[in-house]
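In: I would like the atomic coordinates for the input below:
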Amino acid sequence: MNQIVRDAGRYAATVQDCGPTGNADIVTKTQTLEGQTPFAGTYGTPIVTLPAPGSSATCPPVSNADVVWVSIKADARVPVFFPLVNGAISSTVTYRMEPKVP
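Out: Sure, this is the predicted structure:
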């Protein structure tokens, strides 16, 4: 899970659209990465927050002076063979977005 959200976060840092289209693109990328990873459990829908709290007003950033954060949270359920353990796991990353390329 950690590797999936890190890879998705690195991708998200380069997205140049802070609207619903960019958000959907990041969700799709995260789901693609999940599909490429051998895993015995089931994934939930990734949650993308763009811009994340603490971001400047300019999104996407136009220079290094603009600080815009993107956050990705992924959840999954794994098979559990022990009673009283629910098998829920999650991982979250926050990355700073790269400035918009002209």
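In: Counting by contacts, list what the worst-scoring helix or strand of the chain on mean pLDDT packs against.
Out: Counting by mean pLDDT, DSSP states H and E, the chain has its least confident helix or strand at strand 42-43, which shows a mean of 92. Applying 3 or more C-beta pairs under 8 Å, 6 or more residues apart in numbering; DSSP states H and E, we find strand 42-43 packed against strand 69-77. Using the backbone N, CA and C atoms, a C-beta is placed for each residue, glycine as well.
In: quick one: buried residues of the strand it packs on?
Out: Buried residues in strand 69-77, defined by neighbour count with 16 or more other C-beta atoms under 10 Å: Trp69, Val70, Ser71, Ile72, Lys73, Ala74, Asp75, Ala76.
In: Each with direction, which strands does the helix or strand that comes right after the least confident helix or strand of the chain pair with?
Out: Tracing the chain C-terminally past strand 42-43 and defining elements by DSSP states H and E, one meets strand 47-49 next. The sheet places strand 47-49 alongside strand 69-77 (antiparallel), with pairing taken from DSSP bridges.
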